[in-house]
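> sequence and predicted structure are below.
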Amino acid sequence: MKSPWRKQEQNETGTKELYRRKSGKKPPTQDQNAAGDTRNNRTCLFLDRPPGNPATDAVGATGENKSGLMKTQWRKLEQNEKWTKQYAGKLLSDIQKACVNDKNISNIRILLLGSVGAGKSSFLNTVASIDRGRISQITIAGGADGSLTFALKEYWPQYKLKNFRILDTMGVEDNVQGGLNLNDVLYLVKGHIPPDYKFNPATQIDERSPEFRPEPKDNEKIHCVVFVLDATVAGNDNISDARRRKIKELQTALKAINIPRIVLLTKIDVLCEFVDADIENTYKSEKVKEAVNVAKELYKLPENCVFFR
């Protein structure tokens, strides 16, 4: 090959010039990307296209909305708030102040749970990028048929999000012998399983296992579970009966021990073309709204516990 198939970070001139020609605007700096793109209602870590214009992209020349896009938002930001750089900074400040009201707990430990390919590892890379202020990859992400993560991995943010610990492990698969089972999750949440423990569906951990922690400390337990769900799966209601049964079992068991739970919908830009064109269309998208309805019914959680990536 006469030219490299992957460009280095230093060679960004072509990308920036393309952005300028398409949008008519000056491209964002690396710091702006890392801090969050203020035109969008999510944190953008890298811009590969100029911003969309909801006035022209989502609405026709006659002013009528195209099919699939609501005229009013079905979810709003905080009262009197708009998505600005100042509001993004306020949200980050609130996150940095988050803590557990227990002197024995110094960091909030969050467990990611989801099926294979839902986007757990990709989300973890996004968190690392926000924390470090640059594009980062701390775990392999990919659409494999089986789980890419087998060991329990604990990520320790060191900068902007250093008050959190995020744990990633193998996926929750449809079949009984595949992925995490209910006992695995409960042992994990209660702190009995140490970081780097390698899960094996054929040989499950129990109280007799040498790795088992019989009396975990409070700061070794999980304080919140995040269910990661592919929005294209939820939007098409393409969820198997086996997965529904596993989710119901997990929800019942976690609710019984009073563990906070939320849902993270991934790939909403793949689900909806309007969101792909401009992320500000998220709360007007009928497809995203339907995916949220499926998620809140599936996990038996209120709508305000369903978030997006």
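That came in fine, so what should we check first? Numbers count the residues shown, from 1 in each chain.

> give me every residue that touches residue 260.
223-225 (Cβ atoms under 8 Å, 6 or more residues apart in numbering). Heads up, the C-betas are built off the backbone N, CA and C, glycines and all.

> again, but for residue 266
Shown in contact with residue 266 (Cβ under 8 Å, 6+ apart): 118-119, 122-123, 228-231, 308-309.

> low-confidence ranges, the chain, go.
1-67, 79-81, 140-149, 174-179 (pLDDT under 70).

> all strands of it, in order?
108-114, 153-155, 164-168, 224-230, 261-266, 306-308 (DSSP state E).

> got TSV for the ones you listed, with distance to residue 239 too?
TSV is the format used below for those (distance: least, Cβ to Cβ, whole Å):
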stretch	distance to residue 239
strand 108-114	12
strand 153-155	26
strand 164-168	22
strand 224-230	9
strand 261-266	13
strand 306-308	15
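
> wait, residue 135 sits on residue 129?
Yes. Using Cβ atoms under 8 Å, residue 135 is in contact with residue 129, at 5.3 Å.

> ok, now which ones touch residue 96?
160-161, 163.

> the helices in the stretch 51-200 of the chain, which residues?
54-57, 85-97, 120-132, 182-189 (DSSP state H, counting those that start in this stretch).

> circling back: which of the contacts of residue 266 has the most neighbours?
residue 231 (28 neighbours; other Cβ atoms under 10 Å).

> correct me if wrong: that one contacts residue 275.
No. Contact criterion Cβ under 8 Å: residue 231 and residue 275 do not qualify, at 9.2 Å.

> which residues do these two both contact?
The contact sets of residue 231 and residue 275 overlap at 268, 288 (Cβ under 8 Å, 6+ apart).

> hang on, isn't residue 300 packed against residue 251?
Yes. Between residue 300 and residue 251 there is a contact at 5.7 Å, judged by Cβ under 8 Å.

> who has more neighbours, these two?
Between residue 300 and residue 251, residue 251 has the larger neighbour count (other Cβ under 10 Å), namely 17 against 13.

> how about the contacts made by the more buried one?
261, 299-300.

> repeat that for residue 287.
68, 235, 271-272, 275.

> possible to save those residues as a markdown table with distance to residue 256 and neighbour count?
Below are those laid out as a markdown table (distance: Cβ to Cβ, whole Å; neighbours: other Cβ atoms under 10 Å):
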| residue | distance to residue 256 | neighbour count |
| --- | --- | --- |
| 68 | 39 | 15 |
| 235 | 30 | 25 |
| 271 | 32 | 23 |
| 272 | 36 | 25 |
| 275 | 36 | 27 |
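
> tell me the buried residues in the longest helix seen in the chain?
Longest helix in the chain by number of residues (criterion: DSSP state H): helix 241-256. Judged by neighbour count (16 or more other Cβ atoms under 10 Å), helix 241-256 contains these buried residues: 243, 246-247, 250-251, 254.

> just stretch 182-194 next, same as before
Here stretch 182-194 shows 184-189, 191-193 as buried, counting by 16+ other Cβ under 10 Å.

> neighbouring contacts of it?
Residues from elsewhere that reach stretch 182-194 (Cβ under 8 Å, 6+ apart): 111, 113, 152, 167, 169, 172, 180, 199, 204-206, 211-214, 216-218, 220-222, 225, 246, 249-250, 253-254, 257, 259.

> show the buried residues in the residues you listed.
111, 113, 152, 167, 169, 172, 180, 199, 205, 220-222, 225, 246, 250, 254, 259.

> is it correct that residue 282 is in contact with residue 288?
Yes. Using Cβ under 8 Å, residue 282 is in contact with residue 288, at 5.7 Å.

> tell me, what's touching the two both at once?
Both residue 282 and residue 288 are contacted by 268, 275, 308, under the criterion Cβ under 8 Å, 6+ apart.

> put the alpha carbons of stretch 169-189 into PDB.
C-alpha atoms of stretch 169-189 as PDB (Å, rounded to 0.1, in the frame of the first residue of the first chain):
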ATOM      1  CA  THR A 169     -17.900  -9.000  33.200                       C
ATOM      2  CA  MET A 170     -19.200 -11.600  30.800                       C
ATOM      3  CA  GLY A 171     -22.600 -11.200  29.200                       C
ATOM      4  CA  VAL A 172     -26.000 -12.500  30.300                       C
ATOM      5  CA  GLU A 173     -26.800 -14.900  27.500                       C
ATOM      6  CA  ASP A 174     -30.100 -16.500  26.600                       C
ATOM      7  CA  ASN A 175     -29.200 -20.200  27.200                       C
ATOM      8  CA  VAL A 176     -29.100 -21.600  30.700                       C
ATOM      9  CA  GLN A 177     -25.400 -22.800  30.400                       C
ATOM     10  CA  GLY A 178     -24.200 -19.600  28.800                       C
ATOM     11  CA  GLY A 179     -23.000 -16.400  30.500                       C
ATOM     12  CA  LEU A 180     -23.700 -15.200  34.000                       C
ATOM     13  CA  ASN A 181     -26.400 -16.900  36.000                       C
ATOM     14  CA  LEU A 182     -28.500 -15.600  38.900                       C
ATOM     15  CA  ASN A 183     -26.100 -17.000  41.600                       C
ATOM     16  CA  ASP A 184     -23.100 -15.400  39.900                       C
ATOM     17  CA  VAL A 185     -24.800 -12.000  39.900                       C
ATOM     18  CA  LEU A 186     -25.900 -12.200  43.500                       C
ATOM     19  CA  TYR A 187     -22.500 -13.200  44.700                       C
ATOM     20  CA  LEU A 188     -21.000 -10.400  42.600                       C
ATOM     21  CA  VAL A 189     -23.400  -7.800  44.000                       C
END
